[in-house]
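> everything below, folded, please.
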Amino acid sequence: MWTSLLKNLPWRSLLLAVVINAFLIGLYYLGYKSGHENATRDGDKAVSELQSAFDTYKTEQATLENAALRAWAKRYQDQVAAGHQAEASYLEQIAQLES
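Predicted coordinates:
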């Protein structure tokens, strides 16, 4: 009974379907693996480029902030020197008026 049913099955079509499915599954996994590797590589490259750009930006920003702080310090020192000069002039005028 079972043997006649097994003999009547379309073995060539079944084997062809199994081979095609195995090929497609293998192709899918191969594509998935290489796609994952490509995405990882591209992602790492993009992260490294962004990190480099960010580091450059931070360096430029630090340089600009340093220049601004130096300018403020110079302005402060100029104001202190002007204050000392004004005080000296004031004290000199006081001394002249007292004598």
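> gap between Leu64 and Leu15?
72 Å (C-beta to C-beta, to the nearest Å). Where C-beta positions appear, they are placed from N, C-alpha and C, glycine not excepted.
> cool, and Ala71?
83 Å.
> can you check Asn38 too?
34 Å.
> where does pLDDT dip in the chain?
1 (pLDDT under 70).
> what about the longest helix in it?
Under DSSP state H, the helix in the chain containing the largest number of residues is helix 11-98.
> by contact count, what packs against that one?
Helix 11-98 sits against no helix or strand, with contacts defined as 3 or more C-beta pairs under 8 Å, 6 or more residues apart in numbering; DSSP states H and E.
> and it, how far out from the chain's middle?
Relative to the mean C-alpha coordinate of its chain, helix 11-98 is positioned 7 Å out (C-alpha atoms, centre = their mean, to the nearest Å).
> tell me how far Trp2 lies from Phe54.
Distance from Trp2 to Phe54, by C-beta to C-beta: 71 Å.
> okay, these two: which has more neighbours?
Phe54 (10 against 6; other C-beta atoms under 10 Å).
> now do the same contact list for that one.
Listed by C-beta atoms under 8 Å, 6 or more residues apart in numbering, Phe54 has no contact partners.
> pull the number of nearby residues for Ser4.
7.
> element containing it?
helix 2-8 (DSSP states H and E).
> send me that helix as PDB with only the CA atoms.
Output of helix 2-8 as PDB, limited to C-alpha atoms (Å, rounded to 0.1, in the frame of the first residue of the first chain):
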ATOM      1  CA  TRP A   2       2.600   2.500   1.000                       C
ATOM      2  CA  THR A   3       5.100   1.400  -1.600                       C
ATOM      3  CA  SER A   4       2.700   2.100  -4.400                       C
ATOM      4  CA  LEU A   5       2.000   5.600  -3.000                       C
ATOM      5  CA  LEU A   6       5.800   6.300  -2.700                       C
ATOM      6  CA  LYS A   7       6.400   5.100  -6.200                       C
ATOM      7  CA  ASN A   8       3.700   7.400  -7.500                       C
END
